[in-house]
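Enquirer: Here you go, sequence then predicted model.
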Amino acid sequence: ASHCIEAALPLLRQGHRPHLVGVGSSVTYLALPRSEAYGASKAALRYLLQSLRVDLAAEGIDVTLVSPGFVDTPLTQQNDFPMPMRWPVERAARHIAARLQRRPHEIAFPSPFIAALRLLGSLPSSLQLAIGRRLARNEDTP
């Protein structure tokens, strides 16, 4: 992502009303079991885009982070865990497109799922660990 952004910045700087958009994940609101690498990469993208938002503001380049919950794609169809409030691709795309016109700092959906993750993510770390342990798959169970 950083290489793509680096390549796109000269073009954005020449544009009229430039807008940089990156797709992260709602997983950055709460550490979840079995998502170490995925979550870390999405957290890095969140930080990168938030930093760029500050750095590029003086140049008039808006930055939006898209943080979806579960979207029904070929990749998520391979998951072997519950994916609450999963949205069809078409619904997610329409939701994102409708909101991009306003150039928000972030587009996160579905709202109830995001609210739950943010709430859980604000709990003390000992409670987050207890919740995460309950969500983790027991290796002894098939």
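Expert: Yes, it's here.
Enquirer: and R134, how far is that from G60?
Expert: Look at R134 and G60: by CB to CB, to the nearest Å, they are 47 Å apart. Every C-beta, even on glycine, is put in place using the N, C-alpha and C of the backbone.
Enquirer: Tell me which stretches of this protein form strands.
Expert: 19-23, 62-68, 71-72, 87-88, 106-109 (DSSP state E).
Enquirer: can you redo the ones you listed as CSV with mean pLDDT, distance to L120 and mean neighbour count?
Expert: Listed next are these as CSV, based on pLDDT from 0 to 100; distance: least, CB to CB, whole Å; neighbours: other CB atoms under 10 Å:
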stretch, mean pLDDT, distance to L120, mean neighbour count
strand 19-23, 98, 22, 16
strand 62-68, 98, 15, 21
strand 71-72, 94, 20, 18
strand 87-88, 97, 20, 15
strand 106-109, 98, 14, 20
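Enquirer: Redo those strands as CSV? Include distance to V54.
Expert: Supplementary listing: those in CSV, determined by distance: least, CB to CB, whole Å:
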stretch, distance to V54
strand 19-23, 13
strand 62-68, 9
strand 71-72, 28
strand 87-88, 30
strand 106-109, 14
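Enquirer: Between those, which one is closest to L129.
Expert: Smallest distance to L129 across the strands of the chain (CB to CB): 22.9 Å, for strand 62-68.
Enquirer: Who are the packing partners of that closest one?
Expert: strand 19-23, helix 36-56, helix 89-100, strand 106-109 (3 or more CB pairs under 8 Å, 6 or more residues apart in numbering; DSSP states H and E).
Enquirer: Might one say that I131 is in contact with L120?
Expert: Yes. Counting by CB atoms under 8 Å, I131 touches L120, with 6.3 Å between them.
Enquirer: Contact partners for the residue nearest the centre of the chain?
Expert: Centroid-nearest residue in the chain, with CA atoms, centre = their mean: S25, separated by 2.0 Å. By CB atoms under 8 Å, 6 or more residues apart in numbering, the contact set of S25 is Y38, G39, K42, S67, P68.
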